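S.K.: Quick one, what's the 3D model for this:
(2 chains)
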Amino acid sequence: MDSERLIAKYFLNQLSAEEKVMFDNLIQTNSEFKEQVEFEEKVKKSIFQQEHTHLKQQLQHVEKTISSKHKRNTWYLVAASIVILLSVSILRNFNSATPKKLFDTYYTVASNTSHPIVRDTNVSDTLTKAFIAYESKQYAQAQALFSTLYHTTNNSELLFYEGICYLEMGNTTLAIEAFIKHKNFNDKLASKRNWYLALAYLKNNNVSKAKNILKEITTSSTNYNYTKAKDLLSKL
Amino acid sequence: MDRDHVQQLIKRLKNGDSAVLETIYTKYRKPFLSFASRYNLDKEELLDIYQDSILALVDNVRNGKIETLDSTLKTYLFSIGKFMIFKKLKHLEVVNELPLDTNRLEHYANEIDNQRVYEQEELELFKKCFGQLGKQCQELLNLFYYRGYTLEEIQETLDYDNYNVVKSQKSRCLKHLKELIKSKKQNGF
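M.R.: Next up, the predicted model:
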């Protein structure tokens, strides 16, 4: 067998045991033979690598498409989350700002409908003093007088005005307290008080309680500020 | 995936349809990554192994000595993956029940391994010169060294008149390649 055929068989992995001995022997003794085998080994390996690289690039390209799609998806998700987070916080800011803003829009101080002040009224009368203070926007003074008078006279209407004083003084919690206390009495200010209690809750950021009361107001058109309540409710 | 479908894919692989590579790659990528996650390799390495496994599968199907493939493509792919991982981790244990031509697989894994025996620089020169050969030479040498065709098979495939023509053509091609490389080497690559 010529050496060329022997080498070919070696590369095709087809050497018989006998041929293998011959092959190994030639590698040991014949440098030209050895050189040829080594040369062909390199040819073979370079072709393998070339084929492999070519196909692998194809797969790497596929991989790139897949992972960039993933990345794009994640990017979308990240972007979407950011947008959602932003909108949530913006909305929250809106919501926390909105009740106060709405309060400012809808609130006007309750006029004195309980104790008309006329020029010739005796100012030494505590009740008159209280309402004079109230009407002249001396709310701290008015509140103190209303409080004392309520305890001595049990005039429930005074609780309502006390609540208004607290609202004007910026003490919403005490205002709410006074209005709730007033709720126990079904006097002629009951309907009006509901409106102000709703506003007080609104100012206190308690939207759900404010809503409940507003809903109550909108059940009957005869209620105080029925239209305004409906209007305000639609904005909450 | 039913058997007909697997056979069809394998047929396409045998015919060198490279579009099928993408299909297989995408289909088994995730399952493979989770299957291989138990081995202590990072994702880049696993992807590299996955790619090599697919190419080894293709090579085995095309060039290995296997008559029929009865398992699912996934079974083959994962077996090869395991083989490749063990090779990478230098595990001595042999993957036993591999339903493929293991000799060919071993061979393929060795041939594509860049770190062995030869200077990569020299191999690059071989590749470059190989690319300068005529199409016919490239085809013939590829069939012989890469696909493992016998000269008789090459004669049939490339439609040569007889065995001796193939034989002498092959030595001419090799000689030409050798000269190209030699002259490049003399000119300092």
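S.K.: OK, contacts around B:Asn63?
M.R.: With contact taken as Cβ atoms under 8 Å, 6 or more residues apart in numbering or on different chains, B:Asn63 is in contact with B:Arg104, B:Tyr146, B:Arg147, B:Gly148. No exception for glycine: its C-beta is placed from N, CA and C like everyone else's.
S.K.: Would you mind trimming these to those in range of chain A?
M.R.: B:Tyr146, B:Gly148 (Cβ under 8 Å from any Cβ of the partner chain).
S.K.: would you turn the contacts of B:Asn63 into CSV with pLDDT, neighbour count and distance to A:Gln50?
M.R.: As requested, the contacts of B:Asn63 are arranged in CSV below (pLDDT from 0 to 100; neighbours: other Cβ atoms under 10 Å in any protein chain shown; distance: Cβ to Cβ, whole Å):
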residue, pLDDT, neighbour count, distance to A:Gln50
B:Arg104, 81, 20, 18
B:Tyr146, 90, 20, 9
B:Arg147, 87, 16, 13
B:Gly148, 88, 20, 16
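S.K.: B:Asp101 is in contact with B:Arg62, isn't it?
M.R.: No. Under the criterion of Cβ atoms under 8 Å, B:Asp101 is not in contact with B:Arg62, lying 10.8 Å apart.
S.K.: State the distance from the closest residue to A:Ser220 other than its chain neighbours to A:Thr219.
M.R.: Using Cβ to Cβ, 6 or more residues apart in numbering or on different chains and skipping residues adjacent in sequence, the residue nearest A:Ser220 is A:Tyr226, 7.0 Å away. Noted for A:Tyr226: a distance of 9 Å to A:Thr219, by Cβ to Cβ, to the nearest Å.
S.K.: What segments of chain A are helices?
M.R.: Remark: helices assigned in chain A by DSSP state H are A:3-11, A:17-29, A:31-106, A:126-135, A:139-153, A:156-169, A:172-182, A:190-203, A:207-217, A:226-234.
S.K.: Reformat these as JSON lines; add mean neighbour count, distance to B:Leu13 and mean pLDDT.
M.R.: Below are the helices of chain A laid out as JSON lines (neighbours: other Cβ atoms under 10 Å in any protein chain shown; distance: least, Cβ to Cβ, whole Å; pLDDT from 0 to 100):
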{"stretch": "helix A:3-11", "mean neighbour count": "16", "distance to B:Leu13": "24", "mean pLDDT": "90"}
{"stretch": "helix A:17-29", "mean neighbour count": "12", "distance to B:Leu13": "32", "mean pLDDT": "93"}
{"stretch": "helix A:31-106", "mean neighbour count": "14", "distance to B:Leu13": "11", "mean pLDDT": "80"}
{"stretch": "helix A:126-135", "mean neighbour count": "19", "distance to B:Leu13": "94", "mean pLDDT": "87"}
{"stretch": "helix A:139-153", "mean neighbour count": "18", "distance to B:Leu13": "90", "mean pLDDT": "89"}
{"stretch": "helix A:156-169", "mean neighbour count": "24", "distance to B:Leu13": "82", "mean pLDDT": "92"}
{"stretch": "helix A:172-182", "mean neighbour count": "20", "distance to B:Leu13": "77", "mean pLDDT": "90"}
{"stretch": "helix A:190-203", "mean neighbour count": "24", "distance to B:Leu13": "72", "mean pLDDT": "91"}
{"stretch": "helix A:207-217", "mean neighbour count": "17", "distance to B:Leu13": "66", "mean pLDDT": "90"}
{"stretch": "helix A:226-234", "mean neighbour count": "16", "distance to B:Leu13": "68", "mean pLDDT": "88"}
